[in-house]
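Colleague: Just the structure for this:
(2 chains)
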Amino acid sequence: MRSSSSQSAFARALVDPDHPLPPGLAAWNGSDPERRFAVYRNNIVVSLIAALVARFPVVRELVGDAFFHAMARHFALRHPPRSRLMLAYGDAFPVFIAGFEPASALPYLADVAALEAARTSAYHAADAPALGPAEFGGVDPDALFAMTVQLHPSARILVSHFAIFSLWAAHQQALAIAGVDPSTPEDVLVVRPLLDVEVTRLLPGGAVFITRLSAGASLGAAATAAIAAAAEFNLTAALHVLVATGVVTRLTPCRGERP
Amino acid sequence: MDGAPAAARSARRGELPARGGIGLKAEHVREVLETHPPVGFLEIHAENYMGDGGPPHHRLNLLRESYPLSIHGVGLSIGGDDALDTVHLERLARLVDRYQPEAVSEHLAWSSHEGIYFNDLLPIAYTTRTLHRVVAHIDQVQEHLGRRMLLENPSTYVAFAASTWDEVEFLAEIVRRTGCGLLLDVTNVQVSCINHGRDPIAYLRAVPARAIRQIHLAGYSEDLDGAEARLLIDAHGAPIESDVWRLYDQLLSRTGPMPTLIEWDNDVPVLATLLAQAARADLRLGTLGDPRLEAQQ
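Modeller: Next up is the predicted model:
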């Protein structure tokens, strides 16, 4: 339905450095508009790279500044924003990294990027009051397992074959990078109950437990699924995570049966 | 003349004060909250506060209690060939509804096309066809927001052979047809006039001063075009140049004191640097017509 317009030609040339300049550009002094148009091309790529630098600082530290800029430039030209909300730009960067051949020597890089993307997305997520120890303490333990929960809008679960929590934490100076084996599988819960985004490493089965809860399973059914997924699942530790991180906003008595 | 009794205008309820203000940068939010610097107002980029929740809204709520607020959109693409993104317009409406800013502004530019968002303010040809489109878009925005918006003059690096209107006349006609106000960016006047071989003083003489409700000042950087002529870049990453301060004085002599924003979005300095720039604007706003002002340059 669109009319083919001068802006179409302008737009195409903006994100394709090899595309000829749009027709109809003028300069008061009759100069070649190439240099002038380059200001726009440069502004766009620089601003998109800057957005990725801001959102993925650990990925940048892992690969170094020059590599990151080259990778971000590739991404920016192939995946310019589809949304006017730049705070969401880079949601597709982790998947891009997973398929970015020059980064294949760092197989954990895409998952670390996914963790960083989850953190900023949690930062901007909707607010909701989180339940704490007082609210959980008032529940009859027998009734608890028949209850379902509502998770905080900022809650995100990441499951990885790599040590994404440890790699990320090492870059927050929270632990020594020398002790990190990148090939250790680690799952992570990201949540922002109030103002601070919390990143918590989950024990085996913990990710299945919370993922099932978020799908509407009762606490008992989620625990059963977690044990099936990981025999060493520790229910006490998993419940402690629910209470301590503020990831739950509502406890509801369960009426129907859920497997 | 155009120089309306400015004190009366700025004292009107619900308008930005005729003082220096600063663009609120994420890097400075905590410090502004803790030290409460005496700036006349704060300006935010609308799109940075279109997340659902979290610290940005929490902090802006606190700041809103202490400062007049300008909401400055960068993503509406009012100059675009495409229809306005009504989802985005509704987001802006919700933000405006929530924070009740003293001013809402957008740009005479386009930033999206066929589903791609370019994160930059791109130039339009000044033709009767584009005039009609911009007017229709501004009508739509003002109707949806239920209030008057301010339109900012652009900084541009290319011109279009198709243009049949002078930029100032184009802006004046938009104002006449839509009733919108103007956010006059003095740096953009300097940048565009130098880049297109025009006289910035003549631009300021021709601009419909009565419609101006806010002023922007920013630093620019310099490059050269294909013929080695000066090409100014609206980089928002440096102190305001003395030629822009002189144009600002020129403009104030027509408009009277105006809310004046210091923009600094790249290579963001310490807050004190921004405050010092805002204080330079305050000095001019307070000493308007004082001949000593000339000597201080």
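
Colleague: drop to CA atoms for contacts and neighbour counts, all remaining ones
Modeller: OK.

Colleague: In chain A, mark out all the strands, start to finish.
Modeller: Ranges of strands in chain A, per DSSP state E, are A:25-26, A:147-151, A:156-160, A:186-191, A:198-202, A:248-253.

Colleague: Could you dump these into a markdown table with distance to residue A:81 added?
Modeller: Output for the strands of chain A, formatted as a markdown table (distance: least, CA to CA, whole Å):
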| stretch | distance to residue A:81 |
| --- | --- |
| strand A:25-26 | 25 |
| strand A:147-151 | 29 |
| strand A:156-160 | 23 |
| strand A:186-191 | 25 |
| strand A:198-202 | 27 |
| strand A:248-253 | 33 |
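
Colleague: closest one to residue A:19 among those strands?
Modeller: Residue A:19 lies closest to strand A:25-26 among the strands of chain A, at 14.6 Å (CA to CA).

Colleague: The closest one close to chain B?
Modeller: Yes. Against chain B, strand A:25-26 shows contacts by CA under 8 Å from any CA of the partner chain at A:25-26.

Colleague: Can you list the low-confidence ranges for the chain?
Modeller: You didn't pick a chain, so chain A it is. A:1-5, A:255-259 (pLDDT under 70).

Colleague: not what I meant, chain B
Modeller: Ranges of chain B meeting pLDDT under 70: B:1-13, B:287-297.

Colleague: Can you show me the helices along it?
Modeller: B:6-11, B:29-35, B:55-64, B:86-99, B:128-145, B:167-178, B:186-195, B:200-206, B:242-255, B:271-286, B:292-295 (DSSP state H).

Colleague: and the residue in the stretch 1-150 of chain A that chain B sits nearest to, what does it touch?
Modeller: Per CA to the nearest CA, the residue of the stretch 1-150 of chain A with the smallest distance to chain B is residue A:126, at 4.2 Å. Residues near residue A:126 by CA atoms under 8 Å, 6 or more residues apart in numbering or on different chains: A:153-154, B:51-54.

Colleague: Let me see the domain layout of chain A.
Modeller: Domain segmentation of chain A under automatic domain parsing yields A:1-106, A:125-259.

Colleague: In TSV, list those domains along with distance to residue B:215.
Modeller: Below are the domains of chain A laid out as TSV (distance: least, CA to CA, whole Å):
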stretch	distance to residue B:215
domain A:1-106	23
domain A:125-259	34
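
Colleague: From residue B:69, how far out is residue B:101?
Modeller: Counting by CA to CA, to the nearest Å, the separation of residue B:101 from residue B:69 is 5 Å.

Colleague: for residue B:183, same thing?
Modeller: Per CA to CA, residue B:183 is found 14 Å from residue B:69.

Colleague: Spell out which residues of the stretch 151-297 of chain B are next to chain A.
Modeller: Counting by CA under 8 Å from any CA, the stretch 151-297 of chain B sits next to chain A at B:157-162, B:196-197, B:225-227, B:231, B:233.

Colleague: out of those, what pair is the most spread apart?
Modeller: Greatest spacing in those, by CA to CA: B:162 and B:233 (23.2 Å).

Colleague: In terms of neighbours, single out the busier of these two.
Modeller: Legend: neighbour count by other CA atoms under 10 Å in any protein chain shown for residue B:162 and residue B:233, higher for residue B:233 (23 against 13).

Colleague: Can you give me the neighbour number for residue A:116?
Modeller: Neighbourhood size, residue A:116 [other CA under 10 Å]: 22.

Colleague: got the contact list for it?
Modeller: Residues near residue A:116 by CA under 8 Å, 6+ apart: A:55-56, A:58.

Colleague: now do residue B:182
Modeller: Counted by CA under 8 Å, 6+ apart, residue B:182 has contacts B:150-153, B:175, B:211-214.

Colleague: what about it, distance to residue B:176?
Modeller: Plainly put, residue B:182 is 11 Å away from residue B:176 if you go by CA to CA.

Colleague: Throw the strands of chain A into TSV and include mean neighbour count and distance to residue A:50, thanks.
Modeller: Output for the strands of chain A, formatted as TSV (neighbours: other CA atoms under 10 Å in any protein chain shown; distance: least, CA to CA, whole Å):
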stretch	mean neighbour count	distance to residue A:50
strand A:25-26	18	28
strand A:147-151	22	32
strand A:156-160	20	25
strand A:186-191	24	24
strand A:198-202	19	24
strand A:248-253	18	34
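
Colleague: out of those strands, nearest to residue B:79?
Modeller: Among these, the nearest to residue B:79 by CA to CA is strand A:25-26 (16.8 Å).

Colleague: tell me what that closest one is packed against?
Modeller: Under the contact criterion of 3 or more CA pairs under 8 Å, 6 or more residues apart in numbering or on different chains; DSSP states H and E, strand A:25-26 touches strand B:159-160.

Colleague: and the strand it packs on, what does it pack onto?
Modeller: When contacts are defined as 3+ CA pairs under 8 Å, 6+ apart, strand B:159-160 sits against strand A:25-26.

Colleague: Partner strands of the strand it packs on and their direction?
Modeller: Partners of strand A:25-26 in the sheet, by DSSP bridges, are strand B:159-160 (antiparallel).

Colleague: Other residues contacting the partner strand?
Modeller: With CA under 8 Å, 6+ apart as the test, strand B:159-160 has contacts from A:24-28, B:123-126, B:196.

Colleague: repeat that with 6 Å
Modeller: Residues from elsewhere that reach strand B:159-160 (CA atoms under 6 Å, 6 or more residues apart in numbering or on different chains): A:24-27, B:125.

Colleague: State the pair within the residues you listed that is farthest apart.
Modeller: A:27 and B:125 (12.8 Å).

Colleague: Between the two, which is the more surrounded one?
Modeller: Under the criterion of other CA under 10 Å, the comparison of residue A:27 against residue B:125 puts residue B:125 first, with 23 against 20.

Colleague: Residue A:25 versus the nearest residue to the more buried one once chain neighbours are set aside, what's the distance?
Modeller: Distances taken as CA to CA, 6 or more residues apart in numbering or on different chains put residue B:163 closest to residue B:125, at 5.0 Å, once the chain neighbours are dropped. Applying CA to CA, one obtains 10 Å for the distance of residue B:163 from residue A:25.

Colleague: OK, contacts around whichever residue of the stretch 151-259 of chain A sits closest to chain B?
Modeller: Here the residue of the stretch 151-259 of chain A nearest chain B is residue A:195; by CA to the nearest CA that distance is 5.4 Å. Taking CA under 6 Å, 6+ apart as the criterion, residue A:195 is in contact with residue B:55.

Colleague: All set now, cheers.
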